[in-house]
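# what's the 3D shape of this:
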Amino acid sequence: MTALRQRRARTAFSIIELAIVSAILAVLACLLAAAVHRVRLRAERMSCGNNMRQVGLGVLAFEAEHGRVPSEDRLGLAYLQWRAFILPHIDQGELWARTRLAAKSEIRSYLHPPHDGAVTVVNTFLCKADGRLGELHEAPNGVAAAFGSYLGVAGANGHFGMFPGGPRRVRLSQVADGLSHTLLLGERPPPNSFQAGWWYSNVVDDSYGDHRLVGPNNSLSLSDARGNRGEPGLSGYRPGRLDDAEDRFHFWSLHPGGANFCLSDGSVKFLGYDVGPKLLAASATRDQGETGQLP
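Next up, the predicted model:
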């Protein structure tokens, strides 16, 4: 009987053995959580790249149809951003039809109705890593709007890129540096102040106050020394923070280590923040004779 009790006693775990097993399980759980987190980050980056590719192909389809890259322009009475003009090329034909009707009747493109696009979330314009943008947010003047994650590349160092702004009309035939060497789009999350990033229109009402605090919403420049507005220390590409409104003046993303960029041939590359600034600035212009290969 005593031997039987001894055998039964040996089948139980000691406190030390339980502690070791618990520690092993905790380590495995941490490793599994880290692996799941890496998979999620990779999936978000790929989803963002796919959305950006669709937007880029929409820009190229518009250029093929109209002979120019879309820009901020008048449609009927209203001024709209370039994203609005590619709606029929990204499977948003019904929203485009409503936008055309709205532009015929109302010049103030922030008013909804009739401008439904101002308050319509278009998932193709969103980076999946930015969970804020699946719903509307208010600008500092209290006007609700839908936002986007991607901006056009304006150029660098005073030289023009694919989205130079203003009345300029850019054609793919003008890209002397090569479509696969010239940046078209880049990522820039809207700041938590939501004073930039509206996808539909740049127009705000007079209650906004200082309009110099609005945007940018259309495009950004890349520079090898200074930022979009020429301020020292603001490079055209570096990490940023949602709670720093100044970071709206340069490209960055919520992905670790870099951001997605779309080239003018419709391909998408993930570029790390360690990309040489001179190479990046050269890739932001379309006809300066620079053909450096991005990694």
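
# if we look at stretch 248-257, which residues are touching it?
Under the contact criterion CB atoms under 8 Å, 6 or more residues apart in numbering, stretch 248-257 has outside partners 41, 44-45, 48, 127, 129-130, 149, 151, 186-191, 195-197, 215-216, 220, 222, 227-229, 231, 234-240, 259-261, 270, 272-273. Just so you know, the C-beta spots here come from the backbone N, C-alpha and C atoms, and that holds for glycine as well.

# Got a quick PyMOL command for the buried subset of those?
The command below creates a PyMOL selection of those among the contacts of stretch 248-257 that count as buried (16 or more other CB atoms under 10 Å):
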select buried, resi 44+45+48+127+129+130+149+151+186+187+188+189+190+191+195+196+197+215+216+220+222+227+228+234+235+236+237+240+259+260+261+270+273
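
# burial of residue 173, as a residue count?
For residue 173, the neighbour count with other CB atoms under 10 Å is 8.

# should've said residue 287
Look at residue 287: counted by other CB under 10 Å, it has 14 neighbours.

# could you pull out the strands for the chain?
With DSSP state E, the ranges of strands along the chain come out as 73-75, 78-80, 137-138, 144-145, 150-156, 159-160, 183-187, 219-221, 258-263, 268-272.

# ranking these by mean pLDDT, which is last?
Out of the strands of the chain, the stretch the model trusts least by mean pLDDT is strand 159-160, with a mean of 87.

# Who does that strand pair with, and is each partner parallel or antiparallel?
Within its sheet, and counting by DSSP bridges, strand 159-160 is paired with strand 150-156 (antiparallel).

# Off-centre distance for the strand it pairs with?
11 Å (CA atoms, centre = their mean, to the nearest Å).

# nearest residue to residue 128 other than its sequence neighbours?
Leaving aside its chain neighbours, residue 128 sits nearest to residue 47 (4.2 Å; criterion: CB to CB, 6 or more residues apart in numbering).

# Please save the CA atoms from stretch 184-193 in CSV.
The C-alpha coordinates for stretch 184-193 follow below in CSV (Å, rounded to 0.1, in the frame of the first residue of the first chain):
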residue,chain,number,x,y,z
LEU,A,184,3.6,59.8,-58.2
LEU,A,185,2.0,59.3,-54.7
GLY,A,186,3.1,59.0,-51.1
GLU,A,187,1.6,58.4,-47.7
ARG,A,188,0.8,61.1,-45.1
PRO,A,189,-1.6,60.5,-42.3
PRO,A,190,-3.9,63.4,-41.3
PRO,A,191,-2.9,64.9,-38.0
ASN,A,192,-5.1,64.5,-34.9
SER,A,193,-6.2,68.1,-35.4
